Structures are given as structure tokens and as C-alpha cells.
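Colleague: Sharing a sequence plus its predicted fold:
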Amino acid sequence: MKRRQPNSVARPVFSGAAFFLSSLLSLFLLLPSTAAMARGVDLATVLDPVAANHILPLDRPVAAVPSLPDRALHFGDPIDTAKARMTSGYGWRVHPVLKDKRLHRGVDWAAPKGTPVYAAEDGIVTMAGWRGNYGKLVTIKHAANVETFYAHLSGFAPGVRAGAGVKKGDVIGYVGKTGLATGNHLYYEVAIDNERVDPLADDLNAQVNVLAVRVTRPDGQIAETRGLIEAR
């Protein structure tokens, strides 16, 4: 019987497994570089660990810390007055729900539910939540002792929360009738040293910028706004 001669070219053992492992290794090496190229990273820095060590990490930008205005304040309208109707001003009135006579310490603007409400000046949000008869309320501090109140809201604008900075004219919420209210409207107050003043007074900005520097007021001081005289 004639002996068979071995083939001149030896076949590789486990050629299929070797091919699979080789492909897997190539894919493993290729993926990082492809992802890096997609991100716009220099491929040389990916393949060179020494060079990569000198690349600064990409950090998120640090958000500026909100601060109070360092200028004179000048309040704007907290609602588009062309789309709203003033239904009650600052002064004595019979409360529409409680039916007793009391001082209305702000201004009511009737408007459809969802009408945007704006920050009257730059400042820092001190509250965005529920407060008793105010319902959903946003308060904004504009100076050490100057604050505005926006009440009976149906909801808050995205990002409006305590500690957030806002700019004059930013949307902070939307008209509603939460709390003690008979219909959709914005109730707006301006407080100086925690004392409410007439938001529609002709001299409002003068009051804010002059009186805001006073931490306390003399006993018996008389405040006059739009013809209303009230002994403090």
C-alpha cells in the first residue's frame, strides 16, 4: 500500500476560532478611536497615552451665582396689561370672598388662565410654592429689603425655584385662581422692609430706591400713595 505524502502547506489548527478572536481584537481596538473621531478628539492622543495625560478634562461650565441688582431699581409690569384688566387696586375695599372691609395691599389683574406672569425686576427667587390664601406664589427679592409677590398662579415656569436668579421680563409663572380667589387673576404686591406699598404709585421707583435703604421706619410715620393716607 502506497503511503500518502503530507501536503506541502500545513493547514492552521482552529482557523475559525483564530479568525474570530482576531476580528474581535480589531473591533476592540477600532471602537475607541472611532468614538473619539466622532467626538472630534485627535486620534493621536487616543493612541498615545502620554499625550492623553496632558488633555484637560471637559467639565460642565460653572453656573454664575445669582446676585441682587447693583443699580437703581425700576419696576416693569408683571403682566401684559394689553391682555389683562385691572379689577382691584391698592386701598381699602370689601373683600370679595370674606365680605369684610380690609386693606387690599396689592393689585389684581384679571386675565385668562395660563397668561404669562413676568418678573418686574432682576432678582433672586425666594419662594415658589403654596402659601395659604395666596395659593401658588412666587416671591422675588430685588434688594436687601425689597420684594415682590405674584399670587394665585396656576403654575410655575420651568427653573423657577428658591435661589434661582431671574431677569426683568422673565416668565416666572402663569395666571390662575389657586388659594382664596374667585376667578383667574394675578395678585401682585410690592414690599419694602416687609411693608406693602402701592404697585401703581407714580413714585413707586422713588419709594423703592429711597426707602429701601432704611431698615426701620420711625414710629407714627405717614405713608401716602395715590391719595391713600394710612398711619403706620
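Modeller: Perfect, I can see it now.

Colleague: can we go C-alpha only for contacts and neighbour counts from here?
Modeller: Noted.

Colleague: Tell me the helix or strand right after the longest strand seen in the chain.
Modeller: Using DSSP state E to define each element, the chain has its longest strand at strand 146-156. Following strand 146-156 in sequence order, the next helix or strand is strand 165-166 (DSSP states H and E).

Colleague: Quickly run through the sheet partners of that following strand, with directions.
Modeller: Paired strands of strand 165-166, with direction, are strand 123-131 (antiparallel) (DSSP bridges).

Colleague: what ranges do the strands span in the chain?
Modeller: Going by DSSP E, the chain shows strands at 85-88, 91-94, 101-104, 107-110, 116-118, 123-131, 135-143, 146-156, 165-166, 171-175, 185-192, 195-197, 222-225, 228-231.

Colleague: Point out where the chain drops to low pLDDT.
Modeller: Residue ranges of the chain with pLDDT under 70: 1-63, 91-102, 211-232.

Colleague: please redo it, this time with the cut-off set to 50
Modeller: Applying pLDDT under 50 to the chain flags residues 1, 43, 46, 51-52, 215-232.

Colleague: Quick check: bridge partners of the residue nearest to residue 141 when sequence neighbours are not counted?
Modeller: Nearest non-adjacent residue to residue 141, counting by CA to CA, 6 or more residues apart in numbering: residue 147, 4.4 Å away. Counting by DSSP bridges, residue 147 is bridged to residue 141, residue 191.

Colleague: ok, back up a step: what's the closest of the strands of the chain to residue 203?
Modeller: When these are compared by CA to CA, strand 222-225 sits nearest residue 203, at 8.1 Å.

Colleague: Residues contacting stretch 172-183, please?
Modeller: Residues outside stretch 172-183 that contact it (CA atoms under 8 Å, 6 or more residues apart in numbering) are 96-97, 110-119, 131-136, 138, 152-158, 160, 184-186.

Colleague: Stretch 152-165 now?
Modeller: If you take CA under 8 Å, 6+ apart as the criterion, stretch 152-165 is touched by 66-67, 113-114, 122-128, 134-137, 171-181, 184-187.

Colleague: what's the span of it, first residue to last?
Modeller: Stretch 152-165 has an end-to-end distance of 21 Å (CA to CA, to the nearest Å).

Colleague: Give me the buried positions along that stretch.
Modeller: By 16 or more other CA atoms under 10 Å, the buried positions in stretch 152-165 come out as 152, 153, 154, 155, 156, 160, 161, 163, 164, 165.

Colleague: Next: stretch 178-197.
Modeller: 178-179, 181, 184-193, 196-197.

Colleague: The residue nearest to residue 141: how many residues sit nearby?
Modeller: 24 (other CA atoms under 10 Å).

Colleague: For it, list the residues it contacts.
Modeller: Listed by CA under 8 Å, 6+ apart, the contact set of residue 147 reads 139, 140, 141, 190, 191, 192, 194.

Colleague: let's see it at 7 Å
Modeller: Neighbouring residues of residue 147 by CA atoms under 7 Å, 6 or more residues apart in numbering: 139, 140, 141, 190, 191, 192.

Colleague: so how far is residue 207 from the fifth one?
Modeller: Note on residue 191: its distance to residue 207, by CA to CA, is 10 Å.

Colleague: same deal with the last one?
Modeller: Residue 192 sits 8 Å away from residue 207, going by CA to CA.
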